[in-house]
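1. Just the structure for this:
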Amino acid sequence: MELKKKPTTGMRDILPREMEVREYVLGMIRETYRAYGFSQIETPCVEPIGNLTGGHGGENEKLIFKILKRGEKLKLDEAKEEADLVDGGLRFDLTVPLVRYFANNSAELPAPFKAMQLGNVWRADRPQRGRFRQFMQCDIDILGEASNLAEIELILAMTTLLGKLDFKGFTIRINDRRILKGIARYCGFPEDSYDDVFIVLDKMDKIGIDGVREELLEAGYTADAVEKCMGIFGGTDSGDGPSSSSGDSSIGAVGLDRLKSLASTLGDSLEEGVADNLIDIIEVAAEAGTAEFRILFDPTLVRGMSYYTGPIFEIAMDEYGGSVGGGGRYDTMVGRFLGTETPAVGFSIGFERIAMLLMERGYQIPSAGDKVAILIDKKCGADRVREAIAEANELRAGGATVSVTQMKKNKKFQKEQLSSQGYTDIREIFAD
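-> A predicted model of the protein is given here:
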């Protein structure tokens, strides 16, 4: 059988240089999130198909890699529909597995439970820059905390992490699903159509306000409802609010005037206390954050998952041109598994995109110690090899990274390669 050099699965190989960056970022994620009290857990990559297709995952449920039943359970000749063939699937995110995990183990977990998950997920999506069919997700979730302290902690943990990785000037876009429902109610959209309306609104940054208007009209909504909605979204962001310690006017809380004005416009259509809750989150996070970022109220932010019930947020970076992470509150989802309502909020950082941006920058990992290469001439006998290995072991005991290899014929090129890998001390061993 001939092996194909280039995979056609939408998945990829990772070379040593990138792997080094990835491992460094994962280490930084663990270190930072642990400092905020999150405990690392692990869930299986395969979930029962019923869990994955329970209506929690939105459009991602169409992208599941499904697994056939095995052995005697697989009866191809008797199958009449997909359910007769499939009983499992690869997880498309880490939230659904976390909820199942919590439902199974809640009696043994603290309250509130602050979970950290780092693991691969799979989606049969169209590969593109920074997006693959197999990719690493890095999630933090807080289960059992009903107050907005959970949202604030997530935002601070995540922004602290990005600051440590030398990202500056990024934006946390924030909204609340209850504000979206208030807008839909105020405009007169049928209640059973809210989620469909939100899906169209989520395209605002891609097709613009005119494109959203056209799509809503084509979907059969009344012109009055559509124009009322477009009037709300036709405003511009305001740069009011407190600034962070950096003193940069572009850093801090942005759009508070717009949020207050919108709440006033919606009146009784908006659930009481929602706007004040969001203002508190924005102001506290902006003031307490240690990184250079701004937090922006964005009424067009929707998030695709239907399980969100409250505040939702995304990270936007100009150098990427899109979102590099997001999350929100999902207070009803745990109850569907556990039978008992449990407040929950989570955030997932776009690890693959963060790693890609660092690679494109030529990011240099802070040195953890000396990197030494020992080149042994092929004419060296066993005694000289033993001496070289003894020297390498002594250096390793002192914290150095040491690679022992045979000297190549083209020694100059070999040294250049080693230097490009970060080896600053290259030693040569010759025969006596």
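
2. So which residues of this structure form helices?
-> For the chain, the helices defined by DSSP state H cover 16-35, 49-52, 95-105, 149-164, 177-187, 194-201, 204-218, 223-233, 256-266, 274-288, 333-338, 351-361, 382-397, 411-420.

3. Output these in CSV; the columns should cover distance to Lys62.
-> The way it works is simple: take the backbone N, C-alpha and C, and place the C-beta from them, glycine included. Shown next, in CSV, are the helices of the chain (distance: least, C-beta to C-beta, whole Å):
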stretch, distance to Lys62
helix 16-35, 28
helix 49-52, 11
helix 95-105, 15
helix 149-164, 28
helix 177-187, 21
helix 194-201, 13
helix 204-218, 19
helix 223-233, 27
helix 256-266, 33
helix 274-288, 31
helix 333-338, 19
helix 351-361, 21
helix 382-397, 50
helix 411-420, 43
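
4. Mind checking the ones you listed for the one nearest to Ile426?
-> Closest approach to Ile426 among the helices of the chain is made by helix 411-420 (5.6 Å; C-beta to C-beta).

5. what comes up buried for that closest one?
-> Applying a neighbour-count criterion of 16 or more other C-beta atoms under 10 Å, one finds Gln414, Lys415, Leu418 buried in helix 411-420.

6. for the residues you listed, which one is nearest Ala223?
-> Nearest member of these to Ala223, counting by C-beta to C-beta, is Leu418, at 68.8 Å.

7. shaky segments in the stretch 301-432 of the chain?
-> Filtered on pLDDT under 70, the stretch 301-432 of the chain yields the residue ranges 304-305, 368.

8. ok, what's across the strand from the most centrally placed residue in the chain?
-> Centroid-nearest residue in the chain: Ile349, 2.4 Å away (criterion: C-alpha atoms, centre = their mean). As for beta bridges, Ile349 partners with Cys138, Gly325 under DSSP bridges.

9. nearest spatial neighbour of Ile41, skipping sequence neighbours?
-> Using C-beta to C-beta, 6 or more residues apart in numbering and skipping residues adjacent in sequence, the residue nearest Ile41 is Ala115, 5.4 Å away.

10. Next, the contact list for the one you found, please.
-> Counting by C-beta atoms under 8 Å, 6 or more residues apart in numbering, Ala115 makes contact with Phe38, Ser39, Gln40, Ile41, Leu98, Phe102, Asp139, Ile140, Asp141, Ile142, Leu143.

11. And the fourth one, how far from Ala344?
-> Spelled out, that is Ile41. Using C-beta to C-beta, to the nearest Å, one gets 14 Å for the distance from Ile41 to Ala344.

12. With Ile312 instead?
-> In terms of C-beta to C-beta, Ile312 sits 13 Å off from Ala344.

13. more crowded one of these two?
-> Ala344 (29 against 25; other C-beta atoms under 10 Å).

14. That one and Gly335: what is the separation?
-> In this structure, Ala344 and Gly335 are 10 Å apart, going by C-beta to C-beta.

15. what does Lys408 give?
-> Between Lys408 and Gly335 the distance is 63 Å, computed by C-beta to C-beta.

16. Please apply the same query to Ser403.
-> Applying C-beta to C-beta to Ser403 and Gly335 gives a distance of 54 Å.

17. go on, Leu156?
-> Leu156 sits at a distance of 27 Å from Gly335 (criterion: C-beta to C-beta).

18. Next: Arg178.
-> Note on Arg178: its distance to Gly335, by C-beta to C-beta, is 18 Å.

19. More neighbours: which of those two?
-> Neighbour count, other C-beta under 10 Å: between Arg178 and Gly335, Arg178 has more, with 20 against 15.

20. correct me, but Phe167 touches Met317?
-> Yes - using C-beta atoms under 8 Å, Phe167 and Met317 qualify as a contacting pair, with a distance of 7.0 Å.

21. Next, show the common contact partners of the two.
-> Listed contacts common to Phe167 and Met317 are Leu357; contacts here mean C-beta under 8 Å, 6+ apart.

22. coming back round to it: out of the helices of the chain, flag the one nearest Asp87.
-> Checked against C-beta to C-beta, the stretch from the helices of the chain lying closest is helix 49-52, at 5.7 Å.

23. contact partners of the closest one?
-> Contacts to helix 49-52, defined as C-beta under 8 Å, 6+ apart, come from residues 61, 64, 66-67, 83, 86-89, 91-92, 96-97, 100.
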